[in-house]
Structures are given as structure tokens and as C-alpha cells.
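A.B. asks: Here you go, sequence then predicted model.
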Amino acid sequence: MLSFLSSFSTSFLAAVLIWPFLAAALTLPILIMQYRRYNKVSFGRSALIYIFILYALVLVSFTLYPMPDDPVAFCTAYQLSPVLNPLVAIMDIRTDGMRAVLQLAMNVAFFVPFGILARILFGWKFWRTVLGSFLLSLAVEIAQLTGAFGLYPCSYRLFDVNDLIVNTLGGMVGFGLAMLIPKREIERAEKDAAVRQAGLLRMMVALVIDQIIAIGLAIAVLVAVYLFINKDIAMDVRDWVNVGVLLVVHIMIPYIARGWSIGSRMVRFNHDDKRRSFIRRTLFYVLRAAYLWLLFLSSNGLITLLVVVVTLVVWAKWKRLPYQII
């Protein structure tokens, strides 16, 4: 058993290092969905989102990662055959006794959070939760059977049809437990509702969305220059392209669109937090450009850190970003 577990050491460390980036990637679309649907993210709902992300990461970690470090050695030493007989669980109980019972109980418990979150966080009905639990369990089992859908040359986890049954049962139990929790009705956002005095989280989500778009646009432009003009020119104009897309995505679009950027539109937040004269509004976006340049494009890490610290201090005192004081 110890030799089997020792095969996973390196990939376990990789999974730990990847965790914060995976958490951020999973959190962003859920926050967008919450802002679009409810026009706010309350503390309780934020906690539920965090629990959901944590649960998703635990589910992936326990079912797919870590992968054995040496594929050839592992696939040669271990031949895992799928368990397709649903009666095997009963025979395991007769053979292993309480140990097999505890394993089944753990598989049930593993999907109880999914059933709870499906009802409370997403508002799913019973049969949708049952189907979701089954499909999620099936996806996990297929991933185990196929070596994470072909990423690994052999099956390094055991496919067991009994897991489909008990995992689905776990989702049903979770749904039943969620029915005991009082459900607060949350009003959906009005179709055209917009927030101008937004919280820091909402503004950061919009900023991240816009920056992802800016990065993608910069990469597309540089690839086009590299392929169709000259690769040396692509390297020379890289900084200018980064500045250009920052100005287009973060400044020109919201300036022309009366405060709406692509990211702010997605989370129902308008950058024009108050009425300003033409000159003051222009100065507002110039300062916003300088702020974002220091935050994203400065080559000096200390300057970027200083911008973050100033942002937090100004927000703590005035509930504004530095450029919004204008």
C-alpha cells in the first residue's frame, strides 16, 4: 500500500501549487452568474460560493489527483479492472464487514454536500439534483476508467458501478437535508438595473474580466504580427500593444459607452459612479489609465505593490478607488 501511495508524490505537490489558480478560475464565472442573477453577492451567498469551490476542488483532488509519477512503471505494476457488478458491494460487506460499510458510507457522504448546494445555491428541484448527482458521479468514474480522459496512459483509479449508486444516493440525502434549512427568497435583479456605487469585490471582478479580454486581444495582435509581418517586429512592439489594448479595453470603451466596459456590463456595474463635467470625466479616465498602467504594466514590482497598498488604504477610508476621488 505504501509503495502504491509513493507513486503519487510529485503530482500531489503539483496539485497543491495549482490549487490557488484553479480556485480563482472556478470562482470568477460563479461570481459573474451571481451578479447577473441577483445584482449582488451577499456574505452568506459568498460563503456558499466558497464552499462550493472548496467542494469542487476536493472532489477533483480525491478522484483524479494526484497521478502516479512514473506512468510506465505504474501501468506495468498495477492492472486495475473496472467493477461492473453492483452486487460486489454486498459481497464486500460479507467479506470485509465494517470496513466495507464505512467505505460505502464515505461515498454517500462525499456527495451529500453536492445535494445541499444544488438546492440552496442553485435552487435545483429534487429530480434535477438526482440527475446531476448521477451525471457528476458518472463523469468521475469515466475519468477514472480512462486515465483522466487520456491524460494518463492507463486507469490509475478504480471504476466501480457501485459508486454511481451510492454517490447518487448521497446527492439525494443532501437534498433532503437542505430541505430542513429555511430557504430565503432572493429577488432577481431587474433587467436594466445598474450599480454605480459598487463594492470592491464587484469592481475587482469587472477589472479581472476586462484584463483577461485585454490579454487575449494583445496575444491575438502579437500573433498576427508574428505570422503575417515579422517576428522581430512582434517583439519590438509588444509593450506598445499592451498599452494600446489597455487603453482600448479599460479606457476608450467605457468612456465612449457612458461608463460601461465589457466586464462591468457582465456584473452590472457602471464606471461612471457619479455625474462629472466633461473635463472632470476626461481627467477621471486619464487617472484610471495611469492607475491601471501602474497596476498591470509596470516593470517594477514595488510600484505595483505600492498601488495595491494605496488602493486598500483609500478604500478603507473613503470606499473609493484612488482615481474615483476626482
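C.D. replies: That came in fine, so what should we check first?

A.B. asks: Tell me where the model's unsure across the stretch 101-250 of the chain.
C.D. replies: 149, 182-194 (pLDDT under 70).

A.B. asks: Show me the helices in it, by range?
C.D. replies: Ranges of helices in the stretch 101-250 of the chain, per DSSP state H, counting those that start in this stretch, are 126-145, 147-150, 161-178, 200-228, 231-236, 238-246.

A.B. asks: any chance of the ones you listed in CSV, plus distance to residue 58 and mean neighbour count?
C.D. replies: (Each C-beta comes from the backbone N, C-alpha and C, glycine too.) As requested, the helices of the stretch 101-250 of the chain are exported to CSV (distance: least, CB to CB, whole Å; neighbours: other CB atoms under 10 Å):
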stretch, distance to residue 58, mean neighbour count
helix 126-145, 12, 17
helix 147-150, 17, 14
helix 161-178, 14, 21
helix 200-228, 24, 17
helix 231-236, 42, 12
helix 238-246, 37, 16
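
A.B. asks: closest to residue 282 out of those?
C.D. replies: helix 238-246 (17.2 Å; CB to CB).

A.B. asks: buried sites along the next helix or strand after that closest one?
C.D. replies: Following the chain from helix 238-246 toward its C-terminal end, the next helix or strand by DSSP states H and E is helix 253-256. Using 16 or more other CB atoms under 10 Å as the test for burial, helix 253-256 gives 253, 254, 255.

A.B. asks: Report all helices and strands that helix 253-256 contacts.
C.D. replies: For helix 253-256, the contact count by 3 or more CB pairs under 8 Å, 6 or more residues apart in numbering; DSSP states H and E identifies helix 278-292 as packing neighbours.

A.B. asks: How about the next helix or strand after the helix it packs on, which residues are buried there?
C.D. replies: For helix 278-292, the following helix or strand on the C-terminal side (DSSP H and E) is helix 301-318. The neighbour-count check on helix 301-318 (16+ other CB under 10 Å) flags 307, 311, 314, 315 as buried.

A.B. asks: Just give me the closest of those to residue 202.
C.D. replies: Nearest member of the buried residues of helix 301-318 to residue 202, counting by CB to CB, is residue 315, at 12.5 Å.

A.B. asks: Verify the contact between the closest one and residue 201 for me.
C.D. replies: No - between residue 315 and residue 201 there is no contact under CB atoms under 8 Å: 10.9 Å.

A.B. asks: Of the helices of the stretch 101-250 of the chain, which is nearest residue 51?
C.D. replies: Nearest to residue 51, of all the helices of the stretch 101-250 of the chain, is helix 161-178, at 12.4 Å by CB to CB.

A.B. asks: Show me how far that closest one is from its chain's centre.
C.D. replies: With CA atoms, centre = their mean, to the nearest Å as the basis, helix 161-178 stands 24 Å off its chain's centre.

A.B. asks: again with stretch 264-273
C.D. replies: So, by CA atoms, centre = their mean, the centroid of stretch 264-273 is 21 Å from its chain's centroid.

A.B. asks: Can you give me the first-to-last residue distance of it?
C.D. replies: End-to-end distance of stretch 264-273 (CA to CA, to the nearest Å): 12 Å.

A.B. asks: residues in contact with residue 56?
C.D. replies: residue 26 (CB atoms under 8 Å, 6 or more residues apart in numbering).

A.B. asks: before we move on, the earlier item: of all the helices of the stretch 101-250 of the chain, which lies closest to residue 111?
C.D. replies: Closest to residue 111 of those, according to CB to CB: helix 161-178, at 3.1 Å.

A.B. asks: orientation of the closest one relative to helix 126-145 in degrees?
C.D. replies: Taking axes from the mean of the first three to the mean of the last three CA atoms, to 10 degrees, one finds helix 161-178 and helix 126-145 inclined to each other by 150 degrees.

A.B. asks: Need the CA coordinates for helix 161-178. PDB is fine.
C.D. replies: What follows is helix 161-178, C-alpha atoms only, in PDB (Å, rounded to 0.1, in the frame of the first residue of the first chain):
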ATOM      1  CA  VAL A 161     -20.500   0.900 -10.700                       C
ATOM      2  CA  ASN A 162     -21.400   0.800  -7.000                       C
ATOM      3  CA  ASP A 163     -20.000   4.300  -6.700                       C
ATOM      4  CA  LEU A 164     -22.600   5.500  -9.100                       C
ATOM      5  CA  ILE A 165     -25.400   4.200  -6.900                       C
ATOM      6  CA  VAL A 166     -24.100   5.400  -3.500                       C
ATOM      7  CA  ASN A 167     -22.900   8.800  -4.900                       C
ATOM      8  CA  THR A 168     -26.400   9.400  -6.300                       C
ATOM      9  CA  LEU A 169     -27.800   8.400  -3.000                       C
ATOM     10  CA  GLY A 170     -25.500  10.900  -1.300                       C
ATOM     11  CA  GLY A 171     -26.900  13.700  -3.500                       C
ATOM     12  CA  MET A 172     -30.500  12.600  -2.600                       C
ATOM     13  CA  VAL A 173     -29.600  12.700   1.100                       C
ATOM     14  CA  GLY A 174     -28.000  16.100   0.800                       C
ATOM     15  CA  PHE A 175     -31.100  17.400  -1.000                       C
ATOM     16  CA  GLY A 176     -33.300  16.100   1.900                       C
ATOM     17  CA  LEU A 177     -31.000  17.700   4.500                       C
ATOM     18  CA  ALA A 178     -31.200  21.000   2.600                       C
END
